[in-house]
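S.K.: sequence plus the predicted model coming up.
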Amino acid sequence: MKLITNIHQLLVTGEFLKPLAGKEMHELPYIENAFLAIEDGLIYEFGKMEDLHPLAVAEVIDATGQIVLPLWCDSHTHLVYAADREDEFVDRIKGLTYQEIAQKGGGILNSAKRLREMDIDTLYEDAAKRLESLIAMGTGAIEIKSGYGLTVSSERKMLEVIARLKENFDIPIKATLLAAHAIPELYKDRREDYIKLIVEEMIPAFAKANLCDFIDVFCESGYFTVAEMETILTEGKKHGLQPKVHVNQFNSIGGIAKAVEHKAVSVDHLEELTEADIIALQNGTTIPVALPGCSFFLGIPYTLARKLIDAGLPLAIATDYNPGSSPSGNMNFIVSQACVNLRLTPQEAIAAATINGAFAMGIATETGSITKQKKANIMITQPLNSFNAIPYRFGNPQIDKIMINGEFI
Ligand SMILES: N=CN[C@@H](CCC(=O)O)C(=O)O
Ligand SMILES: [Zn+2]
């Protein structure tokens, strides 16, 4: 057994049967001057130092002045991709919009072209390198989408890369089929045939091969309509894939209400939000996910996260790591951004990046909090005055140690 003692603040402690919502997010449970015992890769016990009783301990780690919290749960990424798109970044600096770049063949179609040309081993090696660097920055669970293939074989290739990551990495990884990310060039005048391809070929085959856990659609003007989203989600659910969807990035077109009706696990982006969208969320169990890295990088509005939490809703935050709209997977920066640009308190931001992120990818029974029998996937910060310093000291490396399944890496 490993025992961490004298922990200045131990965050996200207790049992969580549903995501923290509304005021609960700011009331994030934590223990001051705490201990944490770990056995067989799992959290064995925790509590106040004064309640520590004799345990059969093999290794003691003194964490005086340090903060211990669950590793970040990044519930929305596009980690598998073939190439960066920094030319588009420069085009945007010069004044083109994300949508204008997409219309002239850049954007998702550009990534799809590059991915189709890349062999699976290189694609895997690049993704594995990215994932290693994210883990070193405190990410301990991740969702990864397909969506840069847009053909049966290339979507499969992406999902197979994710399956290999699942095999070779010790952290929870969830795969999402996002074949409905953009209409491929070949189908631009017969989009219904592409929807048919997704529904009749991709979903049944990939679900049968156990290559994906969730189904996603980019529901947005110029991409997929609400009706098309519904067709795809309905078929996905028939094959056991729960929806997690891209909605309201640039326009509110009614996707949120329909996703809630389809019992989506999460609706992600929400840079544009109407009162009707908020009411729809209040009437369901779908978790809203904000992606502040995308707002930062594209210069689009930030999700009105304050409004969502003040309406009593839960919120998760994620990186949206991808080469087009958010080329960073650093959750520490996202947590700082959530405070600065979404106006979340540090407690709310930490809740959104840990336990709520775990709920947003359906893995909250195994990770995302300091709970007995959950995975010992934790970080120990450098000495800090309080957890407020975690988002406050933005961009500064402040993790001392990372533990995955009870082992320091
Ligand atoms: N908006 C849709 N998909 C990604 C961006 C994809 C890309 O530009 O490559 C996102 O979540 O932001
Ligand atoms: Zn995305």
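M.R.: The structure has been received and is ready for your questions. Ligands and ions are numbered 1, 2, ... in the order given.

S.K.: distance from the chain centre to stretch 56-71, please.
M.R.: The gap between where stretch 56-71 is centred and where its chain is centred comes out at 26 Å by CA atoms, centre = their mean, to the nearest Å.

S.K.: now the strands for the stretch 201-350 of the chain?
M.R.: Assigned by DSSP state E, counting those that start in this stretch, the stretch 201-350 of the chain shows strands spanning 214-219, 242-247, 266-269, 287-290, 316-317.

S.K.: got JSON lines for these, with mean pLDDT too?
M.R.: Output for the strands of the stretch 201-350 of the chain, formatted as JSON lines (pLDDT from 0 to 100):
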{"stretch": "strand 214-219", "mean pLDDT": "98"}
{"stretch": "strand 242-247", "mean pLDDT": "98"}
{"stretch": "strand 266-269", "mean pLDDT": "98"}
{"stretch": "strand 287-290", "mean pLDDT": "98"}
{"stretch": "strand 316-317", "mean pLDDT": "99"}
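
S.K.: most tightly packed of those?
M.R.: Highest mean neighbour count among the strands of the stretch 201-350 of the chain (mean count of other CB atoms under 10 Å): strand 316-317, with a mean of 32. For every residue, glycine as well, the C-beta is placed using N, CA and C.

S.K.: and the worst-scoring helix or strand of the chain on mean pLDDT, how far out from the chain's middle?
M.R.: Using mean pLDDT, DSSP states H and E, the weakest-scoring helix or strand in the chain turns out to be helix 98-103, at a mean of 91. Helix 98-103 has its C-alpha centroid displaced from the chain centroid by 25 Å (CA atoms, centre = their mean).

S.K.: that one packs against which elements?
M.R.: If you count contacts as 3 or more CB pairs under 8 Å, 6 or more residues apart in numbering; DSSP states H and E, helix 98-103 packs onto helix 86-93, helix 107-117.

S.K.: ligand 1 is nearest to which of those?
M.R.: For the helices and strands packed on helix 98-103, the distance to ligand 1 is smallest for helix 107-117, at 4.8 Å, taking CB to the nearest ligand atom.

S.K.: which residue does the stretch 301-409 of the chain bring closest to ligand 1?
M.R.: Across the stretch 301-409 of the chain, the shortest distance to ligand 1 (CB to the nearest ligand atom) belongs to Gly324, at 2.2 Å.

S.K.: isn't that residue right up against Glu88?
M.R.: Yes. Under the contact definition of CB atoms under 8 Å, Gly324 touches Glu88, with a separation of 6.7 Å.

S.K.: who has more neighbours out of these two?
M.R.: Neighbour count, other CB atoms under 10 Å: between Gly324 and Glu88, Gly324 has more, with 24 against 21.

S.K.: who's in contact with Ala311?
M.R.: With contacts defined as CB atoms under 8 Å, 6 or more residues apart in numbering, Ala311 is in contact with Gly22, Ile278, Leu281, Gln282.

S.K.: what subset of these is buried?
M.R.: Judged by neighbour count, with 16 or more other CB atoms under 10 Å as the criterion, the buried members of the contacts of Ala311 are Gly22, Ile278, Leu281.

S.K.: tell me the one of those residues nearest Ala264?
M.R.: Leu281 (10.4 Å; CB to CB).

S.K.: check what pLDDT the closest one gets.
M.R.: According to the model's per-residue confidence, Leu281 sits at a pLDDT of 98.

S.K.: what residues does it make contact with?
M.R.: In this structure, Leu281 makes contact with Ile256, Val260, Val267, Pro288, Leu308, Ala311, Leu313, judged by CB under 8 Å, 6+ apart.

S.K.: what's the closest of those to Leu211?
M.R.: Of all the contacts of Leu281, the one with the least separation from Leu211 (CB to CB) is Val267, at 23.3 Å.

S.K.: how much space is there between Thr139 and Asp310?
M.R.: Using CB to CB, to the nearest Å, Thr139 is found at 28 Å from Asp310.

S.K.: between those two, tell me which one has more neighbours.
M.R.: Counting neighbours by other CB under 10 Å for Thr139 and for Asp310 shows that Thr139 has the greater number, 27 against 12.

S.K.: need the contact list for the more buried one.
M.R.: Leu71, Trp72, Cys73, Asp74, Ile171, Gly329, Met331.

S.K.: highest mean neighbour count out of the helices and strands packed on helix 98-103?
M.R.: Among those, highest average neighbours (mean count of other CB under 10 Å) belong to helix 107-117, with a mean of 20.

S.K.: show me what the next helix or strand after it is packed against.
M.R.: Counting by DSSP states H and E, the next helix or strand C-terminal to helix 107-117 is helix 120-136. Contacts defined by 3+ CB pairs under 8 Å, 6+ apart place helix 120-136 against strand 139-145, helix 152-168, strand 399-404.

S.K.: which of those sits closest to ligand 1?
M.R.: Of the helices and strands packed on helix 120-136, nearest to ligand 1 by CB to the nearest ligand atom is strand 139-145, at 8.2 Å.

S.K.: hmm, back to that, among the helices and strands packed on helix 98-103, which is nearest Gly368?
M.R.: Checking the helices and strands packed on helix 98-103 against Gly368 by CB to CB gives helix 107-117 as the closest, at 29.7 Å.

S.K.: what parts of the stretch 1-150 of the chain come near ligand 1?
M.R.: Remark: the part of the stretch 1-150 of the chain in contact with ligand 1 comprises His78, Gly107, Ile108, Ser111, using CB under 6 Å from any ligand atom.

S.K.: mind doing that once more with 5 Å?
M.R.: With the criterion set to CB under 5 Å from any ligand atom, the stretch 1-150 of the chain comes near ligand 1 through Ile108.

S.K.: not including adjacent chain positions, what is the nearest residue to Glu15?
M.R.: Ranked by CB to CB, 6 or more residues apart in numbering and with sequence neighbours excluded, the top spatial neighbour of Glu15 is Thr371, at 5.9 Å.

S.K.: since that was my last question, I'll sign off now.
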